[in-house]
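**Q** Attaching a predicted model along with its sequence, questions to come.
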Amino acid sequence: MISNLAHSISRILLPSISLQILLSTIKLHSSRNKDLETGKTRTMNTSRPDYKPFEARLIQLLRWRFEKSNLNVIDHLKVGDLPLEIDVVAISTKPGWIPDLKFPQLFDYFRQHNVMEIKTEQDRFEVQDLPKLLAYGWHYMAKQSLEEVSEVTLTALVHHLTPRLEKALPKFGFEQLRPEVYRRNADMISYVIAFGDLPDELLPEELRAFTNQTRRQHLFLSCLGKQEKSPIVEAIVDLYESEVRNIMLNIREESLRNILSVVEEKRIISALGEEKIIAALSEEKIIAALLKNEHLLKALLAELDVEQLQKMLEEKKHN
């Protein structure tokens, strides 16, 4: 049934029917479901970007990276009665842990216990966060009953440094190792790393995805070339929708089919329901790519009233 319907759609729709009609149907059905589930429409806060989804996804990707090197990862670890919560702790089960060759060069100073504070582009690390970072280290040692300060590292992994923060770093004992990287040797080893402008050779892919649009585009297309599902690709699709839309507008149909095969179907369906994508996408290219992905077509039809769709197509055929 799916293949027959796909053939009917391709015969009728290419190129006569507007993609907007098909996708508007999808969007209407999708929005009705959301209203039924939530009882309200979604609104966008334009006053300040919501940094939490970006931070959560970056933490998820770092967990994925660190666990590949046999580190246990804890996120959002509470270490005090006040709102003292460590974003990430990467822990080795053995003292004297040494990074393997696959481990990111940027973190080659890691020891057995590694406490991290994460700030993406949508948030920023302030001067008052420096003493908080140091406090996290001591609170963590107390909570875990640790005695070897040499086995604990602290890292503030931030997208960029404010001018005020750069001026304050030396006052807290941080010395610049290279542009955007500062180290403090007193007590436990501590780093402040602004990853936004670091060179590619220092940055793992997980961080490159959170630097800038140009890097994300290169990374996205590179991952598509491997034709395998990647949490990095999924993060870019989920968080940077407008950028992905622009990529889809400017790539060949074959590459677009790679997107449809690599990215989860539910994400594509969600994206196709967006009004801006309906208005912008090339009709022939997106329809052709959709029809050559039977799994996606099946998932789309699961979201639609098939009889209603067939009736709409027949009406278009007669007209």
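**A** Arrived safely.

**Q** Only C-alpha atoms from now on, for both contacts and neighbour counts.
**A** Fine.

**Q** For the closest residue to residue 219 other than its chain neighbours, which residues are in contact?
**A** Sequence neighbours aside, residue 209 is the residue nearest to residue 219 in space, at 7.0 Å (criterion: Cα to Cα, 6 or more residues apart in numbering). Neighbour list for residue 209: 215-216, 219, 232, 236 [criterion: Cα atoms under 8 Å, 6 or more residues apart in numbering].

**Q** pLDDT at residue 209, what is it?
**A** On the pLDDT scale, residue 209 is placed at 92.

**Q** gap between it and residue 86?
**A** 22 Å (Cα to Cα, to the nearest Å).

**Q** For the helix or strand harbouring residue 118, name the packing helices and strands.
**A** Using DSSP states H and E, the element containing residue 118 is strand 113-119. Counting contacts by 3 or more Cα pairs under 8 Å, 6 or more residues apart in numbering; DSSP states H and E, strand 113-119 packs against helix 52-68, strand 85-91, helix 129-144, strand 152-158.

**Q** List the buried residues of the longest one.
**A** This means helix 52-68. Residues of helix 52-68 classed as buried by neighbour count (16 or more other Cα atoms under 10 Å): 54-63, 65-66.

**Q** what's the angle from it to strand 85-91?
**A** Interaxial angle, helix 52-68 versus strand 85-91 (axes from the mean of the first three to the mean of the last three Cα atoms, to 10 degrees): 20 degrees.

**Q** tell me what helix 52-68 is packed against?
**A** strand 72-78, strand 85-91, strand 113-119, helix 205-208, helix 231-239.

**Q** With the second one instead?
**A** Packing partners of strand 85-91 (3+ Cα pairs under 8 Å, 6+ apart): helix 52-68, strand 72-78, strand 113-119.

**Q** could you give the angle of that strand to helix 129-144?
**A** Computed by the same axes, to 10 degrees, the angle between strand 85-91 and helix 129-144 is 60 degrees.

**Q** do the longest one as well
**A** Inter-element angle recorded for helix 52-68 and helix 129-144: 50 degrees (by the same axes, to 10 degrees).

**Q** mean confidence for helix 52-68?
**A** So the average pLDDT for helix 52-68 ends up being 90.

**Q** got the angle for that helix vs helix 231-239?
**A** 180 degrees.

**Q** got the contact list for helix 52-68?
**A** By Cα under 8 Å, 6+ apart, the surrounding residues in contact with helix 52-68 are 72-73, 75, 87-88, 90, 103, 118-120, 122, 206-207, 210, 231-232, 235, 239.
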